[in-house]
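Student: coords please:
(one chain, ligands or ions: 1)
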Amino acid sequence: MNASVSVPSLFNLRPEAERAPTSGIVDVFNYGRNREGLIPLWVGEGDLPTPSFICDAATRSLAAGETFYTYQRGIPELRQALSRYHERVYGQPVDPERFFVTSGGMPAMQIAVRMVAGTGDDVLIPTPAWPNFAGAITVAGARPVGVPMIFGQNGWNLDLEGFEKAVTPHTRAILINSPANPTGWTATPADLRAILEFARRHGLWIVADEIYGRFIYDPALTVNGRAPSFRDVMTPDDRIIFVQTFSKNWAMTGWRLGWLEAPPALGQTIENLIQYQSSGTPVFVQRAGIAALEQGEDFVAHQIERARTGREIVGRLTETGLVDLPPPSGAFYAFFKVKGGTSSQEIAIRLIEEANVGLAPGSAFGEAGEGYLRLCYARKASDLEEAVCRINAALPKISG
Ligand code: PMP
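Tutor: Numbers count the residues shown, from 1 in each chain. Here you go, the predicted model:
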């Protein structure tokens with residue numbers, strides 16, 4: 001994967017810092033920023049604010065004076081609430097000692113990667129992929145190795161043979177994001193078993209990002225209302241670290257609250273890494289997290305229903321015959337190819353000009369994403385209907 005150099009070597013910085021890739025969405029975003037009437041579907045978040053019962057829990061905590069340093073691993077009440085939440089959603093009891101609270105999904109990812117890979121190590125990632133995976137691996141000093149997924153009539157599929165070919169003595173881990181940003185690909189139980197078997201055979205860690213696990217649309221892939229998970233096929237001692245976040249399910253992107261789940265034996269190491277990263281997540285933010293887990297199911301269901309409607313609306317992009325968009329199985333993104341289009345950056349700019357709609361260029365998700373555009377449909381139906389109308393009207397001018 002190409003981690004482009006973003007800062008000239010003027011300042012003699014650590015190469016890993018200099019190599020940190022610049023977000024490929026930024027140029028398009030800067031081009032369209034502040035445009036009157038632009039419908040912004042480029043960022044990975046919904047349009048609903050955090051529900052008030054969650055905000056109130058934070059306010060009560062602040063009013064009660066919970067403004068001091070706290071447990072590095074997270075307050076016991078939140079770790080217990082996470083254990084109850086997992087039991088409810090995944091149908092098996094989970095030891096609270098497996099949970100570690102972080103200041104967001106991204107910091108959880110940073111810690112997971114730093115535990116398993118550093119200088120000289122490779123980490124495999126199926127691509128197209130959320131660019132922050134390659135970013136986290138690069139700044140840790142390791143090398144992201146993209147393994148392109150196979151795109152066919154039924155959407156994206158994992159290239160298991162590609163993994164076998166890409167693995168070397170330097171490979172330390174494999175990062176699996178299912179349901180995936182940006183493609184919506186969702187692993188089947190058979191995929192998960194095959195990846196686990198591959199990882200066990202080569203002694204690799206799995207970093208499992210299942211943050212979109214509640215957003216699943218394909219009934220054939222739905223297990224108790226959620227996507228298949230590694231926890232359905234693993235044993236507690238498998239080398240798997242889960243990365244999770246409150247950002248999407250509970251509309252909390254701005255709160256910076258997430259968690260890691262890992263074998264309890266890693267507890268002291270994770271605690272140390274949290275100490276040197278954030279020194280713990282604010283207690284009032286964690287209290288909000290407890291409210292989300294304990295009282296948030298209706299809100300999560302509402303978000304999923306909205307996304308389901310959004311997914312149907314954006315499916316109408318195919319009516320033009322000018323895009324390839326197999327229905328995404330999970331997450332809340334449409335990742336579509338414009339027929340005859342070449343540079344996704346150029347198409348994204350043209351769509352700002354012609355349709356006043358902001359989409360993320362597929363090239364931001366690695367070479368395998370070139371030619372595609374990502375649209376986030378976690379938004380109110382009227383915005384999505386308008387956006388699809390405008391894109392469909394503009395496409396004949398843009399498609400080659
Ligand atoms: N994983 C994936 C696949 C994501 O799309 C995101 C956010 N876009 C995250 C992790 C991180 O979420 P956050 O840092 O907002 O908690």
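Student: residue ranges with poor pLDDT in the protein?
Tutor: 1-10, 400 (pLDDT under 70).
Student: What parts of it come near the ligand?
Tutor: Residues of the chain lying close to the ligand (Cβ under 6 Å from any ligand atom) are 44, 104-106, 130, 177, 181, 209, 211, 245, 247, 253, 258. From N, CA and C alone the C-beta is placed, and that goes for glycine too.
Student: quick one: which two of these are the most distant?
Tutor: Greatest spatial distance among these (Cβ to Cβ): Asn177 and Thr253, at 17.1 Å.
Student: just to revisit the earlier point, next step: the residues of the chain next to the ligand restricted to strands.
Tutor: 177, 209, 245, 258 (DSSP state E).
Student: Of all residues in the stretch 301-400 of the chain, which one is closest to the ligand?
Tutor: Taking Cβ to the nearest ligand atom as the measure, the stretch 301-400 of the chain has Ala331 as its residue closest to the ligand, at 7.7 Å.
Student: So that residue sits against Tyr212, correct?
Tutor: Yes: with contact defined as Cβ atoms under 8 Å, Ala331 reaches Tyr212; the gap is 4.0 Å.
Student: ok, and the closest non-adjacent residue to whichever residue of the stretch 51-200 of the chain sits closest to the ligand?
Tutor: Residue of the stretch 51-200 of the chain nearest the ligand, by Cβ to the nearest ligand atom: Gly105 (2.8 Å). In this structure, Gly105 finds its nearest non-sequential neighbour in Thr245, 3.0 Å apart by Cβ to Cβ, 6 or more residues apart in numbering.
Student: That neighbour contacts Gly258, correct?
Tutor: Yes: using Cβ under 8 Å, Thr245 makes contact with Gly258 at a distance of 3.9 Å.
Student: Could you check how far Leu160 is from Leu124?
Tutor: Between Leu160 and Leu124 the computed distance is 11 Å (Cβ to Cβ, to the nearest Å).
Student: of these two, who's got more company?
Tutor: Comparing Leu160 with Leu124 by other Cβ atoms under 10 Å, the one with more neighbours is Leu124, at 25 against 15.
Student: any idea which element that one lies in?
Tutor: Here Leu124 is covered by strand 122-127, with elements defined by DSSP states H and E.
Student: strands paired with that strand, and their directions?
Tutor: strand 143-148 (parallel), strand 171-177 (parallel) (DSSP bridges).
Student: what's the most buried one of those strands?
Tutor: Greatest average neighbour count among those goes to strand 171-177 (a mean of 24), per mean count of other Cβ atoms under 10 Å.
Student: Helices along the stretch 201-350 of the chain, start to end?
Tutor: Using DSSP state H, counting those that start in this stretch, the helices found in the stretch 201-350 of the chain span residues 267-277, 283-295, 297-314, 344-355.
Student: contacting residues around Ala136?
Tutor: 106, 109-110, 113 (Cβ atoms under 8 Å, 6 or more residues apart in numbering).
Student: Using the three-state scheme, assign it.
Tutor: The local conformation at Ala136, judged by DSSP: H, G, I helix; E, B strand; the rest coil, is helix.
Student: picking that back up, what's the burial count for the residue nearest to Gly105?
Tutor: 24.
Student: Now tabulate the strands paired with strand 122-127 in a markdown table and tack on distance to Glu16.
Tutor: Formatted as a markdown table, those follow (distance: least, Cβ to Cβ, whole Å):
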| stretch | distance to Glu16 |
| --- | --- |
| strand 143-148 | 10 |
| strand 171-177 | 16 |
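Student: wait, which of these is closest to Leu13?
Tutor: Among the strands paired with strand 122-127, strand 143-148 comes nearest to Leu13, with 18.3 Å by Cβ to Cβ.
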